[in-house]
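In: Show me the folded form of this:
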Amino acid sequence: MKSLSTRNKDIISRRFGLKTGKKETLESIGKSYSITRERVRQIEEFSLNQLAKQVSGSSDITKYVSLAKEILTGSGGVMKESEMFKAFSGNDKENIVNASLVFVLALAGEPASPVGGPVRFGENDSFHSFWAADKQNADLFKNGVAELVKVLENHKSPVASSELASFVANSGVRGGKDFNVILNVSKDLGKNVFGEVGLVGWAEVKPKGVRDKAYLILKKSKQPKHFSQIAKLINETGFSNKKANVQTVHNELIKDSRFVLVGRGMYGLSEWGYKPGTVKDVLVDVLKNSSKPLAKADLVAKVMSARMVKENTILLNLQDSKVFSKKEDGSYVLRKA
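Out: Here you go, the predicted structure:
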């Protein structure tokens, strides 16, 4: 960088972290020189272009670019920046060695360079920083991820990792078929502890607290469970190192409308058709929705499909003559007000 002015050399060094391994922002550099961040960007662009002309045809540049492309090709043409760092230097963190790689590849990617290096995409709301072998690979990857996000939004539930390839094929998603790379690079997609892939905003993929974890446990079990068993499964599943307290789990289940008490300490999901209320409330609801009187056996069967209670508990509630009326044939109706 001998041809650059002292200031321009310092700006390039700080922007790429060539001396410290830590990149500095346009704003912080601008403040130190009392210039705007846009002016810093212009100086960076000008300096890189000048340097690219000077190192044109350099064997060192060509060697770095070839190695980077080889690494990227082995990953399907796209790789998260930290993973590329690890493959290059054995360390996935920002350091001077990795900063040098980024700098050299930036030079190779300049219009003035005949080498044509890999393309870097900085971190944004949808992606972590990543590298692509070329712009075509990058565009194909980004479009593929966007399509996958859209079909999962329409699907409305996570897909098992083992079924993801066929799900993608049947959905007509193009590009980005290396799902490990997709999950590493995309901020919109994630995998839960059960190996299912979906949107990170879904409770089933990234549970945020005890309630979401309990929801995911019940969703996977597909049957009601006692709150103590739910707490045990939360801890055994390994969502985090923080242990779930049994009473805390019980309190959270009570507060959340996604859960319904269906028996003594037993909870199911409202989406399974369970409705809140007592056994008597369920009996009333069943009879309200029936077009004819119901026999005792039918009532018991319907209530037991909605609550995990003993038959005697149901029969005891049916004895409330202020609410229920028993006909001569033994069937039941609601007593008229």
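In: Quick one: the helices in the stretch 51-200 of the chain, in order.
Out: Using DSSP state H, counting those that start in this stretch, the helices of the stretch 51-200 of the chain run over residues 59-73, 81-89, 96-108, 135-155, 161-171, 179-185.
In: Which residues does the second one contact?
Out: Counting by Cβ atoms under 8 Å, 6 or more residues apart in numbering, the neighbours of helix 81-89 from elsewhere in the structure are 67-68, 71-72, 75, 79, 91-95, 97-98, 101, 120, 128-131, 184. Using the backbone N, CA and C atoms, a C-beta is placed for each residue, glycine as well.
In: Make a ChimeraX selection of the buried ones in the residues you listed.
Out: Selection of buried members from the contacts of helix 81-89 for ChimeraX, criterion 16 or more other Cβ atoms under 10 Å:
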select :68,71,72,75,79,92,94,98,101,120,128,130,131,184
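In: hmm, back to that, can I get the helices of the stretch 51-200 of the chain in JSON lines including distance to Val210 and mean pLDDT?
Out: Below are those laid out as JSON lines (distance: least, Cβ to Cβ, whole Å; pLDDT from 0 to 100):
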{"stretch": "helix 59-73", "distance to Val210": "41", "mean pLDDT": "85"}
{"stretch": "helix 81-89", "distance to Val210": "31", "mean pLDDT": "92"}
{"stretch": "helix 96-108", "distance to Val210": "39", "mean pLDDT": "89"}
{"stretch": "helix 135-155", "distance to Val210": "25", "mean pLDDT": "91"}
{"stretch": "helix 161-171", "distance to Val210": "25", "mean pLDDT": "86"}
{"stretch": "helix 179-185", "distance to Val210": "25", "mean pLDDT": "91"}
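In: Ser3 is nearest to which of those helices?
Out: helix 96-108 (13.2 Å; Cβ to Cβ).
In: Can you name every helix or strand that the closest one contacts?
Out: helix 6-16, helix 37-54, helix 59-73, helix 81-89, strand 119-121 (3 or more Cβ pairs under 8 Å, 6 or more residues apart in numbering; DSSP states H and E).
In: can you state the direction angle for that helix and helix 59-73?
Out: 100 degrees (axes from the mean of the first three to the mean of the last three Cα atoms, to 10 degrees).
In: Restricting to C-alpha, output helix 96-108 in PDB.
Out: In PDB, the C-alpha atoms belonging to helix 96-108 read as follows (Å, rounded to 0.1, in the frame of the first residue of the first chain):
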ATOM      1  CA  ILE A  96      -5.400 -10.400  11.400                       C
ATOM      2  CA  VAL A  97      -5.100 -13.600   9.200                       C
ATOM      3  CA  ASN A  98      -8.700 -13.600   8.300                       C
ATOM      4  CA  ALA A  99      -8.700  -9.800   7.800                       C
ATOM      5  CA  SER A 100      -5.900 -10.300   5.300                       C
ATOM      6  CA  LEU A 101      -8.000 -12.800   3.400                       C
ATOM      7  CA  VAL A 102     -10.900 -10.500   3.100                       C
ATOM      8  CA  PHE A 103      -8.600  -7.600   2.000                       C
ATOM      9  CA  VAL A 104      -7.000  -9.700  -0.700                       C
ATOM     10  CA  LEU A 105     -10.300 -11.000  -2.000                       C
ATOM     11  CA  ALA A 106     -11.700  -7.500  -2.000                       C
ATOM     12  CA  LEU A 107      -8.800  -6.500  -4.300                       C
ATOM     13  CA  ALA A 108      -9.500  -9.400  -6.600                       C
END
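In: Perfect, I'm done here.
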